[in-house]
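Novice: model this:
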Amino acid sequence: MKRTFKIIQTVILLTGVFIFFESAYPYANHNRPTGLMTDLLSIPEYAVITNSQPHFSWIIPGEKSIQTAYQILVASDSTKLEENIGDMWDSGKIDSENSISIPYKGKSLKENTPYWWKVRTWDQNKTASEYSFPQKFNTGDFEHVNRKWPGESRWVTIRENSKEKYVLENRHTIGYHEIEPASIVVNSKGNHFVTFEKAYFATIKLELGPVEKADTLIIHLGEKSTPSQEVDRNPGGSIIYQQAVLKLT
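Specialist: Sure, this is the predicted structure:
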């Protein structure tokens, strides 16, 4: 006996964590820079940076504003930054329209150490914005030690809330999220047709009860369905279809 389950899409999101953090961040105030990035990382606290001179970027506040100047503060402690003290670097007011990849020019950063930074800008009317919300970043090993090739991104550990956490060098880690099916129906052939209504790189997770004898699941994965609630096995073009056979014991 063969029991056939048909699954149209997939279960586990790989990228949703970045969307969540960015949309949940308190950016409601439009009179301050937003979208802060350190070495082009939007969530650098979940990575380590091996550049001893990181670069800072931000989005200028106001749809019709033109940046004429900026000031960056970098601090060794978040409380110092709350008091507008940049003990590592206070750029002062810099006349510039540039808001992308501004190089750090403060005191020498230590390896494997957390830092915090924020920025404010001046518009074409010489009016200063509020400071941005702070962003945390972690430094890693600045020297290319024990790397297999230049630019290799290694797994390293950082401490967060007194616990060790694995992160990557100079890039975000992937966040995995389990997604429940949007619907499960039994079609006219008695097969289970499962839809997720998502389009992501993913992995399927099946939880099955015990079987009394050897059995087989035939799983059809695809991006296109048929009117009879099946996965289209010949979708054509670049539309993906794949079959997986899972033997049960």
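
Novice: who are the contact partners of Asp232?
Specialist: Going by Cβ atoms under 8 Å, 6 or more residues apart in numbering, Asp232 touches Gly222, Lys224, Ser225, Thr226, Ile239, Tyr241. (C-beta placed from N, C-alpha, C; glycine too.)

Novice: ranking by neighbours, what's the top pick from those residues?
Specialist: Gly222 (21 neighbours; other Cβ atoms under 10 Å).

Novice: tell me what the closest residue to that residue other than its chain neighbours is bridged to.
Specialist: Leaving aside its sequence neighbours, Gly222 sits nearest to Val231 (Cβ to Cβ, 6 or more residues apart in numbering; 3.9 Å). Beta bridges link Val231 to Ser225, judged by DSSP bridges.

Novice: Val231 contacts Lys224, correct?
Specialist: Yes - judged on Cβ atoms under 8 Å, Val231 makes contact with Lys224 at a distance of 7.4 Å.

Novice: just for the protein, where's the confidence low?
Specialist: For the chain, the stretches flagged by pLDDT under 70 are 1-29, 145.

Novice: and if we set it to 50?
Specialist: Across the chain, the ranges flagged by pLDDT under 50 are 1-28.

Novice: just give the nearest non-adjacent residue to Lys247, would you?
Specialist: Thr216 (5.3 Å).

Novice: contact partners for the nearest residue to Trp122 once chain neighbours are set aside?
Specialist: Among residues not flanking Trp122 along the chain, Ala69 sits closest, at 4.1 Å (Cβ to Cβ, 6+ apart). Listed by Cβ under 8 Å, 6+ apart, the contact partners of Ala69 are Lys93, Ile94, Asp95, Ser96, Thr121, Trp122.

Novice: circling back: distance of the residue nearest to Gly222 from Glu197?
Specialist: Val231 is 14 Å from Glu197, where distance means Cβ to Cβ, to the nearest Å.

Novice: okay, and Pro228 sits in which element?
Specialist: Quick fix: residue 228 is Ser, not Pro. Counting by DSSP states H and E, there is no helix or strand that carries Ser228.

Novice: for it, give me phi and psi.
Specialist: Main-chain torsions, Ser228, degrees, to the nearest 10: phi -90, psi 20.

Novice: intersection of neighbour lists for Val231 and Lys224?
Specialist: Listed as contacting both Val231 and Lys224 by Cβ under 8 Å, 6+ apart are Tyr241.

Novice: hmm, back to that, which residues does the residue nearest to Trp122 bridge with?
Specialist: Under the criterion used (DSSP bridges), Ala69 bridges to Asp95, Trp122.

Novice: just put the contacts of Asp232 in JSON lines and tack on distance to Thr50.
Specialist: As requested, those are exported to JSON lines (distance: Cβ to Cβ, whole Å):
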{"residue": "Gly222", "distance to Thr50": "42"}
{"residue": "Lys224", "distance to Thr50": "44"}
{"residue": "Ser225", "distance to Thr50": "46"}
{"residue": "Thr226", "distance to Thr50": "51"}
{"residue": "Ile239", "distance to Thr50": "41"}
{"residue": "Tyr241", "distance to Thr50": "42"}
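
Novice: ok, of those, which one's closest to Gly190?
Specialist: Ranked by distance to Gly190 (Cβ to Cβ), these are led by Thr226 at 15.7 Å.

Novice: could you check the distance from the closest one over to Gly209?
Specialist: 29 Å.

Novice: quick one: contacts for Thr173?
Specialist: Contacts here follow Cβ under 8 Å, 6+ apart; on that basis Thr173 touches Tyr46, Ala47, Tyr166, Val167.

Novice: now render those as JSON lines, adding secondary structure, distance to Pro181 and neighbour count.
Specialist: Below are those laid out as JSON lines (DSSP: H, G, I helix; E, B strand; the rest coil; distance: Cβ to Cβ, whole Å; neighbours: other Cβ atoms under 10 Å):
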{"residue": "Tyr46", "secondary structure": "helix", "distance to Pro181": "29", "neighbour count": "22"}
{"residue": "Ala47", "secondary structure": "strand", "distance to Pro181": "33", "neighbour count": "23"}
{"residue": "Tyr166", "secondary structure": "strand", "distance to Pro181": "30", "neighbour count": "9"}
{"residue": "Val167", "secondary structure": "strand", "distance to Pro181": "31", "neighbour count": "20"}
